[in-house]
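Asks: Need coordinates for the below:
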Amino acid sequence: LEAVATSPAMLYYLDNQSNSGGNPNENYARELFELHALGAENYYGVVPLIINDGNYEHPAPKDSNGKPLLYVDDDVYGATTCFTGWRIDEATGLFKFDANAHFPYQKLVMGRLIPTAQGIKDGRDVLDILARHPMAARYICRRLCRRLIADNPPERIVQAAADVFMANLDAPDQLRQVTRTILLSPE
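Replies: Predicted structure coming up:
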């Protein structure tokens, strides 16, 4: 995810080059959620965050740990501000972070508070939240199963692959293990 997030082509194509604290542009953040991490099937809709006793509460269904299983527009907006200042260096054509264009205040993404003044770490925190999300595991594994098995793969193998994905979050060969699970399945 970070390779895509820092790709000059993606920064340019999805308008993150113009995403700044005073003028947020949600194109990259929305594509991150919809195409690269959770998929449109895990979108809960335009549902505002709930304010309960002065605290924000995520409106989507939650897992047994209280983490949101689905995302809402406010998650995309929070992520948008986390990626402000992610730019292309005009001199080199490579990724650079511009702290002057970054929205420095706290943000809320998928029920998690991103603290004030972390700079580039804000975007990296969002990438970590999404990469470790169980619905990202199911979304990515469903896409792999569609590619390797059928357009409508059996839920059993999607879940088996997602379980391997989650069990190996920090393994350097995580996707290799996931792919092996799919390819060695009876399906």
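
Asks: Do a quick rundown of the strands in the protein.
Replies: Applying DSSP state E to the chain gives strands spanning 43-45, 50-52, 55-57, 71-72, 86-88, 95-97, 107-109, 112-114.

Asks: want to throw the ones you listed into TSV with distance to residue 175?
Replies: No exception for glycine: its C-beta is placed from N, CA and C like everyone else's. Converted to TSV, the strands of the chain look like this (distance: least, C-beta to C-beta, whole Å):
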stretch	distance to residue 175
strand 43-45	24
strand 50-52	36
strand 55-57	34
strand 71-72	22
strand 86-88	24
strand 95-97	23
strand 107-109	24
strand 112-114	24
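
Asks: among those strands, which is nearest residue 25?
Replies: Closest to residue 25 of the strands of the chain is strand 86-88 (C-beta to C-beta; 10.9 Å).

Asks: chain center to the closest one, what's the gap?
Replies: 18 Å (C-alpha atoms, centre = their mean, to the nearest Å).

Asks: quick one, longest helix in this structure?
Replies: Longest helix in the chain, counting residues (DSSP state H): helix 134-148.

Asks: what comes into contact with that one?
Replies: Outside helix 134-148, the residues within contact range by C-beta atoms under 8 Å, 6 or more residues apart in numbering are 37-39, 41-42, 63, 69-70, 130, 152-153, 157-159, 161-163, 165-166, 178-179, 182-183, 187.

Asks: Kindly recompute the last result at 6 Å.
Replies: 37-39, 42, 69, 130, 153, 157-158, 161-162, 165-166, 182 (C-beta atoms under 6 Å, 6 or more residues apart in numbering).

Asks: Take the strands of the chain and write them to a markdown table, including mean neighbour count and distance to residue 22.
Replies: As requested, the strands of the chain are exported to a markdown table (neighbours: other C-beta atoms under 10 Å; distance: least, C-beta to C-beta, whole Å):
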| stretch | mean neighbour count | distance to residue 22 |
| --- | --- | --- |
| strand 43-45 | 15 | 27 |
| strand 50-52 | 9 | 25 |
| strand 55-57 | 12 | 23 |
| strand 71-72 | 24 | 24 |
| strand 86-88 | 22 | 15 |
| strand 95-97 | 17 | 17 |
| strand 107-109 | 22 | 15 |
| strand 112-114 | 16 | 18 |
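
Asks: Identify the residue nearest the geometric centre of this structure.
Replies: Nearest residue to the geometric centre of the chain (C-alpha atoms, centre = their mean): residue 130, 3.7 Å.
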